[in-house]
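Student: I'd like to go over a predicted model; first the sequence, then the structure.
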Amino acid sequence: MPMPASLRDALRIPAAEITDEAVYRDRRRLLGLMAAAPTLALSGCADAEPPPPPKASISPAQLKSGFRTAEELTRYEDATTYNNFYEFGTGKADPSQAAKTLRTRPWTVTVSGECAKPGKLELADLLKGLKPEERIYRLRCVEGWSMVIPWLGVPLGALLKRFEPTSKAKYVAFTTLADPKQMPGVRYASIDWPYVEGLRIDEAMHPLTLLATGLYGKPMPQQNGAPVRLVVPWKYGFKSIKSIVEIRFVETMPPTAWNQLQPEEYGFFSNVNPNVDHPRWSQKTERRISGTASKLFAERIPTRMFNGYAEQVAGMYKGLDLKKWF
Ligand SMILES: Nc1nc2c(c(=O)[nH]1)N[C@H]1C(S)=C(S)[C@@H](COP(=O)(O)O)O[C@H]1N2
Ligand SMILES: [Mo]
């Protein structure tokens, strides 16, 4: 499996893959302007805190529908062979090859931090009494492609409530397994392993947020983050952390893997937002990988605010400057 010495180099994705030439040139010009205007606060750094959130809104009918959509689904073979899972290599095809070595039984998840009932639980016990639901969600990768996938999972909030988070639990931090014996990518000092992610408590409790255990009616394939991963559909794909072994309730904004690596490019919130460009490319459109369309030349469609889930989640960000808290 090819693994470049520096992940940073690997992340210098050719701009032509990201966006079309004209947009790219325009972007370059904007980048120049941005460099000349350092007052443009783009940092999503963890040392400041955003204003407190208002309530989220979602109707029971929306939930019951499982977010069925008229959009064409991504094929199972594409969703399971075109992945980002850097613990198994940086190429899109690497995880489907290399993740076969990931042992998902037994699997223990530790829940700790600001809660009344911390616990170290076998996966079956963690999920006991929670019925997996099917939710058809779009997943929009920050690199510019998207998929439509029928996930199976339990609402994360229902699970978290059992641990009785205290009023100090303002955020939830998640950690992926980092075992170099099973995960060849972890031997390279690229990401500061383990892969970590975080959500604000209201985002973690939001009814859209899923702790996913499968897709297409089947158990989660290793390359997609078996046995449990997050799916946070209104955020860029990297927030949907895979193969989770630890959940911590914390008081301050936790560090996140991509923010630590490139803070000027990846903020804590990482809400899908076509109006806030990545410093190196536009986020206005996405390459939709669905049906029988070829992956690299798939149809480019407009990216929607909050990945199309604005109606359900926009309320959580009222009063938050989304350019600053990108
Ligand atoms: N632990 C871990 N989780 C991860 C990643 C990773 O490299 N390691 N990649 C993220 C990125 S960038 C994306 S786009 C999604 C991809 O999920 P999928 O392969 O199931 O489509 O997983 C996210 N979760
Ligand atoms: Mo991604």
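Tutor: It's in. Ligands and ions are numbered 1, 2, ... in the order given.
Student: does residue 203 sit in a helix, a strand or a coil?
Tutor: Following DSSP: H, G, I helix; E, B strand; the rest coil, residue 203 is assigned to helix.
Student: What parts of the stretch 201-326 of the chain come near ligand 1?
Tutor: Counting by C-beta under 6 Å from any ligand atom, the residues of the stretch 201-326 of the chain close to ligand 1 are 224, 225, 237, 238, 240, 241, 242, 243. C-beta here means a position set from N, CA and C on the backbone, and glycine is covered the same way.
Student: got a list of what the second one touches?
Tutor: Yep, that's residue 225 we're talking about. 85, 212, 240, 241, 242, 243, 244 (C-beta atoms under 8 Å, 6 or more residues apart in numbering).
Student: mind redoing it with 7 Å?
Tutor: With contact taken as C-beta atoms under 7 Å, 6 or more residues apart in numbering, residue 225 is in contact with 85, 242, 243.
Student: Was I right to think the second one contacts residue 85?
Tutor: Yes. Residue 242 lies in contact with residue 85 (C-beta atoms under 7 Å); the separation is 5.8 Å.
Student: So what's the residue count around residue 317?
Tutor: Residue 317 has 24 neighbouring residues, counting by other C-beta atoms under 10 Å.
Student: scratch that, residue 69
Tutor: Neighbour tally, residue 69, other C-beta under 10 Å: 13.
Student: circling back: and which of the contacts of residue 225 is nearest ligand 1?
Tutor: residue 242 (3.6 Å; C-beta to the nearest ligand atom).
Student: The residues of the stretch 201-326 of the chain next to ligand 1 into CSV, with extra columns for pLDDT and secondary structure?
Tutor: Below are those laid out as CSV (pLDDT from 0 to 100; DSSP: H, G, I helix; E, B strand; the rest coil):
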residue, pLDDT, secondary structure
224, 98, helix
225, 98, coil
237, 98, helix
238, 98, helix
240, 98, coil
241, 99, coil
242, 99, coil
243, 99, coil
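Student: Show me which residues of the stretch 1-150 of the chain sit near ligand 2.
Tutor: 84, 141 (C-beta under 5 Å from the ion).
Student: Quick one: residues contacting the closest residue to residue 308 other than its chain neighbours.
Tutor: Take residue 308 and drop its neighbours on the chain: the residue closest to it by C-beta to C-beta, 6 or more residues apart in numbering is residue 138, 6.2 Å away. By C-beta under 7 Å, 6+ apart, the contact set of residue 138 is 146, 148, 233, 307, 308.
Student: for the helix or strand in which residue 138 is found, what is the average pLDDT?
Tutor: Residue 138 belongs to strand 133-140 when elements are defined using DSSP states H and E. Across strand 133-140, pLDDT averages out at 97.
Student: if we can go back for a sec, looking at residue 242 and residue 85, which one has more neighbours?
Tutor: residue 242 (29 against 25).
Student: Neighbours of the residue of the stretch 151-300 of the chain found nearest ligand 2, how many?
Tutor: With C-beta to the ion, the shortest gap between the stretch 151-300 of the chain and ligand 2 falls at residue 237, namely 3.5 Å. By other C-beta under 10 Å, 21 other residues sit near residue 237.
Student: Hmm, it is touching residue 140, no?
Tutor: Yes. The pair formed by residue 237 and residue 140 meets the contact definition of C-beta under 7 Å, at 6.4 Å.
Student: Run a quick neighbour tally on the residue of the stretch 1-150 of the chain found nearest ligand 2.
Tutor: Nearest residue of the stretch 1-150 of the chain to ligand 2: residue 141, at 3.5 Å (C-beta to the ion). The number of residues packed near residue 141 is 20, by other C-beta under 10 Å.
Student: what bits of this protein have low per-residue confidence?
Tutor: Residue ranges of the chain with pLDDT under 70: 1-48, 51-57.
Student: in it, which spans are helices?
Tutor: Assigned by DSSP state H, the chain shows helices spanning 7-10, 15-18, 21-36, 60-64, 76-79, 94-98, 123-127, 156-161, 201-205, 257-261, 310-313.
Student: mind listing the strands for the stretch 51-200 of the chain?
Tutor: 108-113, 119-122, 133-140, 145-155, 171-176, 196-200 (DSSP state E, counting those that start in this stretch).
Student: Figure out which of those strands is closest to residue 252.
Tutor: strand 171-176 (6.9 Å; C-beta to C-beta).
Student: in its sheet, what does the closest one sit against?
Tutor: If you go by DSSP bridges, strand 171-176 pairs up with strand 196-200 (antiparallel), strand 244-250 (antiparallel).
Student: So what touches that strand?
Tutor: With contact meaning C-beta under 7 Å, 6+ apart, strand 171-176 is reached by 87, 160, 194-201, 204, 230, 241-250, 252-254.
Student: Need the buried ones from those selected in ChimeraX.
Tutor: Only the buried entries of the contacts of strand 171-176 go into this ChimeraX selection, using 16 or more other C-beta atoms under 10 Å:
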select :87,160,194,195,196,197,198,199,200,201,204,230,241,242,243,244,245,246,247,248,249,250,253,254
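Student: related to what we said a few turns ago, would JSON lines of the strands of the stretch 51-200 of the chain with distance to residue 72 be doable?
Tutor: Listed next are the strands of the stretch 51-200 of the chain as JSON lines, based on distance: least, C-beta to C-beta, whole Å:
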{"stretch": "strand 108-113", "distance to residue 72": "34"}
{"stretch": "strand 119-122", "distance to residue 72": "38"}
{"stretch": "strand 133-140", "distance to residue 72": "11"}
{"stretch": "strand 145-155", "distance to residue 72": "7"}
{"stretch": "strand 171-176", "distance to residue 72": "30"}
{"stretch": "strand 196-200", "distance to residue 72": "29"}
